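A.B. asks: okay, here's the prediction I keep looking at, along with the sequence it came from:
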Amino acid sequence: MASALKKTVHASEQERADVASARQLWKTEQQRQLDPKKLVFIDETGTTTNMARLRGRCRRGARLIGRVPHGHWKTTTLVAGLRVDAVTAPFVIDRAMNGQIFRTYVERCLVPTLAPGDVVIMDNLRAHKVAGVREAIEATGATLLYLPPIHPISIRSSSSSPSSKRSCAKPPNEPSRHYGPRSGASSTASPPTSAPAILATLAMARSKWKML
């Protein structure tokens with residue numbers, strides 16, 4: 001077991017070294033060969049209607065009021081290209097990005113805006129690497145480049161999902177002095193039931209309240 005752990009640590013160190021080397025090569029050599037006027041950066045951004053706070057604080061005796069959609073959850077994704085002087089080929093969809101949608105975007109929206117000599121740059125999202133994407137871009141005389149990974153994990157699997165963005169958007173679970181009723185949403189956290197857990201929660205809430 002110790003031997004397997006040692007091999008894992010060594011592999012992680014090697015992966016970090018590979019990532020650092022690739023990023024240094026990109027910064028010192030590859031970037032210098034690119035003409036900024038020919039660059040087209042492709043990226044997505046998205047939002048969901050349940051990116052809303054589910055808990056908060058208010059004065060004792062007052063009602064905590066918050067607004068969230070009443071169960072009408074919806075994901076919206078925007079993908080576009082960014083040139084040195086303009087945004088190009090914007091495309092909005094009412095769902096999360098996947099490989100099939102991205103290939104369709106490239107073929108129908110991005111490709112008509114490309115010219116020979118353009119350099120399309122995108123990250124290592126799995127949807128960006130489906131079959132047909134590179135072929136469609138290079139058929140116009142443009143070049144496709146992928147950014148170097150920013151973390152060893154992204155070498156093995158680079159993916160993004162609305163669920164990960166939602167987890168970043170939500171505040172950490174923290175005790176509140178008072179909670180008011182919330183319409184259309186329910187908390188997934190269960191209250192402590194044992195006496196020690198209740199006392200610990202109250203002590204934590206009291207200490208945080210004093211810091212405000």
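C.D. replies: Alright, I've got the coordinates.
A.B. asks: can I get the longest strand along the chain in CSV, CA atoms only?
C.D. replies: Ranked by residue count under DSSP state E, the longest strand found in the chain is strand 39-48. Taking Å, rounded to 0.1, in the frame of the first residue of the first chain, the C-alpha atoms of strand 39-48 are listed here in CSV:
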residue,chain,number,x,y,z
LEU,A,39,-6.6,35.4,-33.0
VAL,A,40,-10.1,34.1,-32.2
PHE,A,41,-10.6,33.0,-28.6
ILE,A,42,-13.6,30.7,-28.1
ASP,A,43,-15.2,30.3,-24.7
GLU,A,44,-18.6,29.7,-23.0
THR,A,45,-20.3,31.2,-20.0
GLY,A,46,-23.6,30.0,-18.5
THR,A,47,-26.1,30.7,-15.8
THR,A,48,-29.0,28.8,-14.2
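A.B. asks: list the buried residues of the following helix or strand past that strand.
C.D. replies: Going down the chain from strand 39-48, the next helix or strand is strand 75-82, by DSSP states H and E. Neighbour-count burial for strand 75-82, counted by 16 or more other CB atoms under 10 Å, picks out 75, 77, 79, 80, 81. C-beta here means a position set from N, CA and C on the backbone, and glycine is covered the same way.
A.B. asks: elements contacting strand 75-82?
C.D. replies: Applying 3 or more CB pairs under 8 Å, 6 or more residues apart in numbering; DSSP states H and E, one finds that strand 75-82 contacts strand 39-48, strand 87-93.
A.B. asks: name the stretch among those that sits most buried.
C.D. replies: Among the helices and strands packed on strand 75-82, the stretch with the highest mean neighbour count (mean count of other CB atoms under 10 Å) is strand 39-48, at a mean of 18.
A.B. asks: give me the angle between that one and strand 75-82.
C.D. replies: Angle, strand 39-48 to strand 75-82, by axes from the mean of the first three to the mean of the last three CA atoms, to 10 degrees: 170 degrees.
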